[in-house]
Every structure is written in structure tokens, then in C-alpha cells.
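# what's the 3D shape of this:
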Amino acid sequence: MRLPPAECGACVHQSFVRLSRSFHWLLVVGSFDSSALLVLAATAKTSSCMHRTAARCLTTLARGMIDLRRGHPPTAELPHAALAKACAAAATDLTSNAEAGLAIQYGAPRGCASHLDTLQRWLERRYGSMVRRDGLFTTNGASHGLELCAAALTAPGDEVVMEAPTYFLAAQVFRDHGLSIRSAPVDAGGLDVDALERALRAGTSRPKALYVVPRHGNPSGASLDKDRRAKLAALAREFGFYVFADDVYHLLDWSSAPLRRLLEYDAAYASGESAGGGDSSDPAAAAGGDTAALAIPDDARVVSISSFSKVLAPGLRLGWIEAAPSIVAAVARRGYVVSGGGCAPFTEQIVARVLESGDADTHLDAMRRRCRSRCDALLGALDDAADVLRPLCRPTGGFFVWVEILVEGVTAARLRDACAEDVAFLVGDACDCDGLPIGDVAPACLDRHLRLCFAM
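Presented below is the predicted three-dimensional model:
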């Protein structure tokens, strides 16, 4: 049911009109090419929308649903040709190269050696920093990586701290493992590490793990600066909790000053810590046949969890964990990993070809340019609506802008209901992990916020 103009539209319709005019100009000059926002441009052509609700302003001459909710790349912009070429080459190899048949056999638990070699080289070049070959482990994507870390490094009843707001589907992974969820506040600089420290020192929070999106957060768009990263890693060592760093947006960065990954502040990873031959594909062999001997040292705390879903194609279902070798060994000795072996040996061979050919770089660079253009367009339009809509920060990467509604009495849920047939966005409440706040922190109030995805 649509809200009456007096209740909602009168408060915000002028701002949406200004948004539409901004997008109309950007479409005319060709710097913004998202077809979903053509609807916004159309509304600028008539003054009659000044007397309609915000929802109606957005949907004049609509070409179907506008989707600003989904956090994934447009299907039309995925690297179809590059993947088709790699698949064709892999298929040819299967009939002409005996060794290529290994790609359809059971794989090594940590991943195919040739793929991990290629991945290491590619990541070092893209990150501009050292990547440990013995710290890599192939997964079926970031969600699978998070599942593996929760299974290997926590136990039922343990506490896990999440950001508020946070990636709205991660909490269920932790609940599936019987973990107790607590929430920590977020500001324009990302996770409030000072608030976390106060709770830790007061003893009101004793986490076994902390989940954070340190770069271009989902949904906040915020990034932890180097001081917060260093402090968070130090707190993890001091208080003995793991940091699960969701790094899927780290490579989608167009800032002038790229940040070191949170993992690089982990003492065990940076120091060359080795877990008894940590590069072995057999976790039992890495400990001389005794899996109980694979102890994780106190200074191995941070796990980087990432994926090709955002930077290449989500349907590949391929990602990686990166951590100190002792942590990787703990993951590799999970029963189903030992039983089933590597999770994606054939896909690894296809993706390795895309990385080696340079097609992955071409795609990623083009994607960053498109996302930057769309993000700039959205931020510019929000500037024109600054009296009623305020972004938490100005992202320099990722997919999302986190927006606060400044008008009293207008919640994101009400606006969603008004737009139900025409435009979709993620309401702020959906990004709540439903965990008790740490320490003396007030519960997050997210009902007047919304997440907008500019990648589509």
C-alpha cells in the first residue's frame, strides 16, 4: 500500500526530483550508463512529479523494477568472452594433454598447486605487497571461506562480534555454528575500534572471533584507516580472538592512497611463521602425521577471506582464504576437506588461465572505472539532496553507499513500502546482526538508513 503524499512524499519528493535531474544530466553527457536509472532521468522532464509521492517521482515512465538492492555486478558486464576462451582452452587440453586430466580428478585439499602459484603472483601484483604461497587455501567463495573459518576456529557457545551495520547474511553462518553474536558500532571510519577496546578492557565482551569488512564496507562503504587496522590486530593478539576480514571489495578500489590489508598487520603472517611444512597439501603430513600437533600460535589472529565473485564472476564459486600457515592447516584438516579434497580443481584451471592471460586485469580495471563513475554520480546526486539524505561517507571503492534519512517520521521501511512495485533498496534494519551491543554502546538504530548499490 502506497503512503499518502502528505505523510511521505511531501517530505522527500523534492529531493528525489533533484536526484533525478542530476542523473538526467549525467546520462545526457554519457558519464553514467546504468539503464536502471533511466527512470530517474525521465522524471526530470515533467513538473507534475512535484505533486506526487517520492515513489511516483521515481517511477514515472518506468521500465520495470529499479533494483538498487542487489550487491552484485550486472550480468551483461561479466567477462563472458574471457571465460568462454578459457573454458575452450581447458576443454581442448582435456583431449590433448594427459596432465590436464588432473583437473577433473580429486584435488589437493588446499587447492591445485599451479592455480595457487598463479593466484599468488596475481594477488601480489594487484595488492602491491607480499602474498604467502603457504598461506593460501582455495574455497568456493567468501561465504564458504567464512563457514570454514567458523567451523575450524570457533566452538558452540563462543562469542563473535559483528559490525552494526554489517553484511546482512553473515550472521546466519555464525548462528549455524551455535555462536553468540554481539554488535560493535560503525562510524565514517568503519568499525569503532576504540569502543571495542573499552568493552574488551572492561570485560563486557570476550569474543573468540570478530567479523569485519575492513575496506569499502558492506553496507557502510567505510574503510578502516591504517591506525585502526594496526590497533585491531594488536587487540586481537592481546585478547586472543580471531579477525575474519571479509576482503571481497579490497581490489575494487580507486582511491589515491591504497591501504595495506588488515592481514598484513598479523604478526604470524608477516613474520614468516611456519606450521611444520605448512605448504604441504596433506595437513597430517605437515605435522609429521599427527594432526593434533598443528597448534596455532598466539600471534596468528587475522584471516583474509576473499572471492572472485565481485572481481570476476559470482557463478564461478571460487575464492580463497589467506592467513598464517598454522590457520590454513587448521582449516585443511577439517574432516570433509580431508575426505573430499580440493573444492574446485577444474574451476581453478579455468580461472588460472584468465589470470595468466591478463583478461582478469582488463575486466577488473574496466569494472573499477564503471563503479567509480556510478559512485560519483550517486554521490553528486546525494549532494543535491543533502537536506534530507546524508551518506555516512564518500566511498572510494566497493559497491555501496549507506544513506541516512534526515526527515523526521520517514523510515526506510515506509519508503520501501511506498516504492514496493517500482524500486528496491535494502532497508537499514536488514543490516542488523541482532546481537547485543558490546560494553556501554547504545543499540544501533538503523531504521532510518538504507543501502544503495551503485554497481548495477
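
# test my guess that residue 327 contacts residue 296.
Yes - in this structure, residue 327 is within contact of residue 296 by C-beta atoms under 8 Å, at 6.0 Å. C-beta coordinates here come from the backbone N, C-alpha and C atoms, glycine included.

# overlap in contacts of those two?
Both residue 327 and residue 296 are in contact with residue 153, where contact means C-beta atoms under 8 Å, 6 or more residues apart in numbering.

# quick one: buried residues of the longest helix along the chain?
When the chain is parsed with DSSP state H, its longest helix is helix 359-384. Residues of helix 359-384 classed as buried: 359-360, 363-364, 367-368, 370-379, 381-382 (neighbour count, 16 or more other C-beta atoms under 10 Å).

# run the chain-centre distance for it.
Centre-to-centre, helix 359-384 and its host chain are 16 Å apart (C-alpha atoms, centre = their mean, to the nearest Å).

# and the next element down the chain from that helix?
The helix or strand immediately downstream of helix 359-384 is strand 389-391, counting by DSSP states H and E.

# and that next one, what does it pack onto?
If you count contacts as 3 or more C-beta pairs under 8 Å, 6 or more residues apart in numbering; DSSP states H and E, strand 389-391 packs onto helix 359-384, strand 400-405.

# and the very next helix or strand once past the last one, which residues are buried?
Right, strand 400-405. Using DSSP H and E, the helix or strand that follows strand 400-405 towards the C-terminus is helix 412-418. Going by neighbour count (16+ other C-beta under 10 Å), the buried part of helix 412-418 is 412, 414-416, 418.

# how about these in JSON lines, adding pLDDT and distance to residue 182?
Listed next are these as JSON lines, based on pLDDT from 0 to 100; distance: C-beta to C-beta, whole Å:
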{"residue": "412", "pLDDT": "92", "distance to residue 182": "24"}
{"residue": "414", "pLDDT": "89", "distance to residue 182": "29"}
{"residue": "415", "pLDDT": "84", "distance to residue 182": "29"}
{"residue": "416", "pLDDT": "84", "distance to residue 182": "27"}
{"residue": "418", "pLDDT": "80", "distance to residue 182": "34"}
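
# just the closest of the residues you listed to residue 82, please.
Closest approach between the buried residues of helix 412-418 and residue 82, by C-beta to C-beta: residue 416, at 36.9 Å.

# who's the closest spatial neighbour of that closest one, skipping the chain neighbours?
Once flanking residues are discounted, residue 416 sits nearest to residue 427: 5.4 Å by C-beta to C-beta, 6 or more residues apart in numbering.

# need phi/psi at the one you found.
Note on residue 427: its backbone torsions stand at phi -70, psi 150 [degrees, to the nearest 10].

# what about it, neighbour count?
22 (other C-beta atoms under 10 Å).

# could you measure from it over to residue 361?
36 Å (C-beta to C-beta, to the nearest Å).

# cool, residue 266 as well?
27 Å.

# and if you look at residue 124?
13 Å.

# check residue 70 too.
25 Å.

# in the stretch 1-150 of the chain, which spans are strands?
With DSSP state E, counting those that start in this stretch as the criterion, the stretch 1-150 of the chain has strands at 66-67, 136-139.

# now the ones you listed in a markdown table, with distance to residue 177 and mean neighbour count?
A markdown table is the format used below for those (distance: least, C-beta to C-beta, whole Å; neighbours: other C-beta atoms under 10 Å):
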| stretch | distance to residue 177 | mean neighbour count |
| --- | --- | --- |
| strand 66-67 | 32 | 18 |
| strand 136-139 | 16 | 25 |
